[in-house]
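1. Structure, please.
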Amino acid sequence: MLEFDYQKPETLDELIHTLGQDGSCIIAGGTDVIPRMRHNLIQATTVVDISRLTELSFIQQDQNQIRIGALTTHQALVDSSLVQTTNPALTSAAASVGCRQTRHRGTLGGNIGNASPAADTIPALLVFDAQVYLLGEAGKRQIGLVDFILGPGKTQLYAGEIIHSISYAPFDGAWGAAFQKLGKRNGMAIAVVSAAAAIQLDGQGHVREARLALGSVAPTVVRSPKAEAILLGQVPTPEVLKRAADAVSADISPISDIRSSAAYRQHAAKILANRALTVAFEQTRGKLS
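-> Residues are numbered from 1 along each chain as shown. So this is what the prediction gives:
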């Protein structure tokens with residue numbers, strides 16, 4: 001039986017004070033923390049339930065930034081018209097998380113904080129150069145999501161800090177963004193491989209900005225600089241998109257595990273990258289002025 005103290009702070013100040021105690025562990029939706037505690041992957045003497053902190057649950061536009069609170073659920077992301085119009089890849093990624101019950105409990109901050117290379121939302125945020133805002137006794141600090149995650153289960157989060165919110169800048173003009181996921185079954189599956197892509201075109205239909213991120217193919221979710229470089233300045237024909245997708249092999253280092261072999265992940269990554277790029281490009285149609 002798990003034994004621990006349980007605290008449920010009512011304010012952010014109370015939360016930060018509580019997290020200053022040794023052996024504390026945050027729980028929000030509990031979709032990841034509880035299973036990890038049951039398997040002794042987390043040893044906590046105090047569990048801090050932050051579910052009452054409604055000030056951490058929001059989706060809003062702040063000038064040219066979309067800000068999302070760490071306690072925002074995956075279902076809230078799916079239902080948000082602001083997310084749908086500014087990052088359709090994130091909408092698709094959130095919709096792929098578990099079942100509907102899990103999406104109503106699991107949070108964006110939890111998905112990021114777990115730092116899993118298979119996390120669904122991270123690729124969709126990386127292709128928008130997302131920023132993470134952290135809060136602790138020393139105040140707030142900001143760090144790029146790409147730098148925040150160090151490895152499986154490892155982040156730049158200091159002791160006594162929480163993830164406060166995440167932000168990204170939407171594209172303008174002719175652009176599109178898409179997310180693709182391959183699992184062992186259609187629903188409630190951890191990604192064998194995932195891919196997110198974002199493409200922005202200039203007025204002549206050439207690629208002005210290209211971003212491609214892949215999950216479950218390295219110790220962290222990774223961008224593919226080689227694929228992105230191939231796309232820049234090009235008209236994104238099917239041949240160009242395939243050539244870019246094939247180039248991801250040089251930027252990933254998949255392993256074999258219970259869910260897949262490394263060779264299969266190498267093969268699947270190219271296919272999912274191509275699909276994500278193709279869907280993102282399709283979304284640009286009709287947006288050229």
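
2. Helices of the stretch 101-250 of the chain, residue ranges please.
-> Under the criterion DSSP state H, counting those that start in this stretch, helices of the stretch 101-250 of the chain are mapped to 108-113, 121-126, 145-148, 225-231, 238-246.

3. nearest to residue 181, of these?
-> With respect to residue 181, and counting by Cβ to Cβ, the nearest of the helices of the stretch 101-250 of the chain is helix 121-126 at 9.0 Å. For glycine as for every other residue, the C-beta is placed from the backbone atoms N, C-alpha and C.

4. Mind picking out the helix or strand in this protein with the poorest mean pLDDT?
-> Scoring the helices and strands of the chain by mean pLDDT, DSSP states H and E places helix 33-38 at the bottom, with a mean of 65.

5. low pLDDT regions in the stretch 101-250 of the chain?
-> 184-189 (pLDDT under 70).

6. In it, mark out all the strands, start to finish.
-> For the stretch 101-250 of the chain, the strands defined by DSSP state E, counting those that start in this stretch cover 131-136, 139-144, 149-151, 154-155, 162-168, 174-182, 193-201, 207-215, 222-223.

7. ok, and what's touching the second one?
-> Residues from elsewhere that reach strand 139-144 (Cβ atoms under 8 Å, 6 or more residues apart in numbering): 129-134, 156, 164.

8. could you redo the last one with a cut-off of 7 Å?
-> 129, 131-134, 156, 164 (Cβ atoms under 7 Å, 6 or more residues apart in numbering).

9. out of the strands of the stretch 101-250 of the chain, deepest packed?
-> strand 193-201 (a mean of 29; mean count of other Cβ atoms under 10 Å).

10. and the angle from that strand to strand 207-215?
-> With axes from the mean of the first three to the mean of the last three Cα atoms, to 10 degrees applied, the angle from strand 193-201 to strand 207-215 works out at 170 degrees.

11. Centre-most residue in the protein?
-> residue 122 (1.6 Å; Cα atoms, centre = their mean).

12. Now do the nearest residue to that one once chain neighbours are set aside: how many residues are near it, please.
-> Closest residue to residue 122 apart from its sequence neighbours, by Cβ to Cβ, 6 or more residues apart in numbering: residue 221 at 4.4 Å. Neighbours of residue 221 under the rule other Cβ atoms under 10 Å: 29.

13. circling back: just put the helices of the stretch 101-250 of the chain in a markdown table and tack on distance to residue 210.
-> Output for those, formatted as a markdown table (distance: least, Cβ to Cβ, whole Å):
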| stretch | distance to residue 210 |
| --- | --- |
| helix 108-113 | 23 |
| helix 121-126 | 13 |
| helix 145-148 | 16 |
| helix 225-231 | 4 |
| helix 238-246 | 8 |
